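Novice: Got a sequence here, can you build the structure:
(one chain, ligands or ions: 2)
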Amino acid sequence: MPITRLTKPDSKFRLDDVSTDPPREASKQEAAERLRDLGKELLELQELMWGARTHSVLIVLQGRDAAGKDGAIKNVVGALNPRGVAVSSFGVPTKEEREHDFLWRIHRHAPRAGEFAIFNRSHYEDVLVVRVHDLAPKSLWSERYDHINDFEELLSEHGTIVIKFFLHISKKEQEKRLLEREEDPSTAWKLNVNDWKEREVWDEYTEAYEDVFRRCSTRHAPWHIVPADAKWYRNLVVAEAVAEAMRDHRDGWLKTLERNGRAGREEVEAYRRAKGIRHKG
Ligand code: AMP
Ligand code: MG
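Specialist: Numbering: from 1, shown residues only. Ligands and ions are numbered 1, 2, ... in the order given. This next block holds a predicted model:
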């Protein structure tokens, strides 16, 4: 499956070059089957990571309103053992948060070894909404790309597998989803006049996002641009990318588990020998 993964800075990257639709050859039915397999694989990888305690996973989800961040989170989390998964949503900063540097509120939600952290919005809002709406002077936010890269490098050096997703929807699909929310009483609670206001600055957000992808794409914390007009394809791409990133560590985790298992067994045996205990089996 072709995934748009950005692993290095690229000053020419344009969002318009990436489709918001699934590729023509993608099939919804095959996607459902693949997603089931990926769910099993993710659970297995999670168990290995949990046992090995050498790594953690940070999933960052960004996207415009109604892009499907909640849906994508539900899908990934649904495959996992909830023990060891924490979801954090980042909204308008509180007074206390505003009185600190922008990473202060983020860093404490970074995942512990063995665990998953999933961010619904993130430190990137500080170069997105903040930039589009002039919430901080340019002299401040323009320094943040470097701070973000350093921060993510720090996490990565400490064993965090950082996987970032932009859920890419078209302006038309967003309108459709916002209108659907109005009609459906079970989703009308999500309505927010702000979503319509944000549509007016669609192009400004496109520019802000493009700068993010141009400047904050690295090998240790790549961006994935996810065609998100179809929910089934969006879920597939996200699951596939998470599994792919974790798969690289599978053998290492297995070795760690074997080593730890051996050490544990030796300890138990030494204890029994010292006590003169003999055990059947
Ligand atoms: P929602 O994700 O729909 O719950 O909305 C959260 C809102 O918080 C969005 O409108 C974001 O733009 C806003 N938000 C998130 N982070 C920041 C930030 N650092 N500064 C200002 N607004 C933010
Ligand atoms: Mg919203």
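Novice: And the most centrally placed residue in the chain, what's its pLDDT?
Specialist: Closest to where the C-alpha atoms of the chain average out (Cα atoms, centre = their mean) is I59, at 2.1 Å. We have a pLDDT of 98 for I59.
Novice: Can you spell out which helices and strands pack onto whichever helix or strand T256 is part of?
Specialist: Remark: T256 resides in helix 250-275, with elements defined by DSSP states H and E. Other elements packing on helix 250-275 under the criterion 3 or more Cβ pairs under 8 Å, 6 or more residues apart in numbering; DSSP states H and E are helix 28-52. Yep, even glycine has a C-beta here, placed from its N, CA and C like the rest.
Novice: got a list of contacts for the helix it packs on?
Specialist: With contacts defined as Cβ atoms under 8 Å, 6 or more residues apart in numbering, helix 28-52 is touched by 55-57, 75-76, 78-81, 83-84, 114-116, 230, 232-233, 235-236, 239-240, 242-243, 246-247, 249-250, 252-254, 256-257, 260.
Novice: buried stuff in it?
Specialist: Under the neighbour-count criterion of 16 or more other Cβ atoms under 10 Å, helix 28-52 has 31, 34-35, 38-39, 41-42, 45-50, 52 buried.
Novice: Skip the chain neighbours and tell me the closest residue to the one residue in the stretch 1-150 of the chain that gets nearest to ligand 1.
Specialist: When scored by Cβ to the nearest ligand atom, the stretch 1-150 of the chain has E125 as its residue closest to ligand 1, at 3.2 Å. Spatially, and ignoring its direct neighbours in sequence, E125 is nearest to F90 (6.2 Å; Cβ to Cβ, 6 or more residues apart in numbering).
Novice: give me every residue that touches the one you found.
Specialist: By Cβ under 8 Å, 6+ apart, F90 lies in contact with 105-106, 119-123, 125.
Novice: wait, does whichever strand or helix holds F151 make contact with ligand 1?
Specialist: Taking DSSP H and E as the criterion, F151 maps to helix 144-157. No: between helix 144-157 and ligand 1, judged by Cβ under 6 Å from any ligand atom, nothing touches; the nearest distance is 10.4 Å.
Novice: Show me what the helix or strand following that helix pairs with in its sheet, parallel or antiparallel.
Specialist: Using DSSP H and E, the helix or strand that follows helix 144-157 towards the C-terminus is strand 160-168. Using DSSP bridges, the strands paired with strand 160-168 in its sheet are strand 56-63 (parallel), strand 223-227 (parallel).
Novice: Could you dump those into JSON lines and include distance to E173?
Specialist: Putting those into JSON lines (distance: least, Cβ to Cβ, whole Å) gives the following:
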{"stretch": "strand 56-63", "distance to E173": "11"}
{"stretch": "strand 223-227", "distance to E173": "10"}
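Novice: To G276, which of these lies closest?
Specialist: Nearest of the strands paired with strand 160-168 to G276, taken as Cβ to Cβ: strand 56-63 at 42.0 Å.
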